[in-house]
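Student: Quick one, fold the following:
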Amino acid sequence: MFPLKTTERLNSWPVITWLLIALNIYVFIQQLAVADPEAFLRTWGLVPARHGYLFAPVQASLDSGWQAYAPLVTSMFLHGGIWHLLGNMLSLWVFGPNVEDRFGHIGFAIIYLACGLAAGVTQLAFSTADGMQIPVVGASGAIAGVMGGFFVLFPKARVVSVVPIWIVPVIVRVPAFVFLFFWIGMNVINALTELQMSFNNTKSAGVAWWAHIGGFVLGIVYALTLARKAPREGSSES
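Tutor: Down below sits the predicted model:
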């Protein structure tokens, strides 16, 4: 299923969501301009073997100061390809505005970054041996936090989605609870499967499933504790 929009109203302009989308696109354009994209991703992406010192001091990074920690932030604005970027930005475009509406602009920006950080740390914690040298990049961990927040704040919403059935796309309204439960369920299954594959010395798919889970869980926590209450029925919504 590919989300297109939600059925929830907005009470404010989602300026932070728009700025985040613009920033991700700008950074991707810069990626295309560098002479050595692979080296660029390894420098600014989150490489578990280089940053494993967060959990295993024997793998201490050779970097020092801010350079040792910068990839925890910069990695969430990098992408591995155009489809990776477009898929993430579509999800942010769909789920971001309503969550920003409830957290406020500044609160949403802080929570977005916090979920991205949690996603990176979670991925480091569960990195398998064959993935230690692969840079973890993408906004999906932070966006997973946004989706987790939406899951809690708008349980009765509908997500207008495209379901490709053979070659004919079908547009349906899926309950947010069903859509997001299915999404996180698939991530958990794939994450556990990847762990099993590592035990069997089988190469994994190289997708940061654990980052998605970490971001999603923190988004739920923030939504339960910090989000504004929903406006009452009959209030000045337009």
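
Student: Which stretches in this structure count as helices?
Tutor: In order along the chain, the chain carries the following helices (DSSP state H): 15-33, 37-44, 48-51, 66-69, 71-74, 82-103, 105-125, 140-153, 176-199, 209-225.

Student: In the chain, where is pLDDT below threshold?
Tutor: Counting by pLDDT under 70, the chain contains low-confidence residues at 51-67, 129-131, 198-206, 229-238.

Student: picking up where we left off before, Serialize the helices of the chain to JSON lines and add fields for mean neighbour count and distance to residue 9.
Tutor: Where C-beta positions appear, they are placed from N, C-alpha and C, glycine not excepted. Formatted as JSON lines, the helices of the chain follow (neighbours: other CB atoms under 10 Å; distance: least, CB to CB, whole Å):
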{"stretch": "helix 15-33", "mean neighbour count": "16", "distance to residue 9": "15"}
{"stretch": "helix 37-44", "mean neighbour count": "15", "distance to residue 9": "38"}
{"stretch": "helix 48-51", "mean neighbour count": "20", "distance to residue 9": "41"}
{"stretch": "helix 66-69", "mean neighbour count": "12", "distance to residue 9": "39"}
{"stretch": "helix 71-74", "mean neighbour count": "18", "distance to residue 9": "32"}
{"stretch": "helix 82-103", "mean neighbour count": "21", "distance to residue 9": "8"}
{"stretch": "helix 105-125", "mean neighbour count": "22", "distance to residue 9": "17"}
{"stretch": "helix 140-153", "mean neighbour count": "28", "distance to residue 9": "13"}
{"stretch": "helix 176-199", "mean neighbour count": "16", "distance to residue 9": "14"}
{"stretch": "helix 209-225", "mean neighbour count": "23", "distance to residue 9": "18"}
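
Student: wait, which of the ones you listed is closest to residue 132?
Tutor: For residue 132, the closest of those is helix 48-51, at 4.0 Å, according to CB to CB.

Student: that older thread, need the helices of the chain in CSV with distance to residue 162, can you?
Tutor: CSV is the format used below for the helices of the chain (distance: least, CB to CB, whole Å):
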stretch, distance to residue 162
helix 15-33, 20
helix 37-44, 30
helix 48-51, 34
helix 66-69, 39
helix 71-74, 32
helix 82-103, 10
helix 105-125, 25
helix 140-153, 17
helix 176-199, 12
helix 209-225, 21
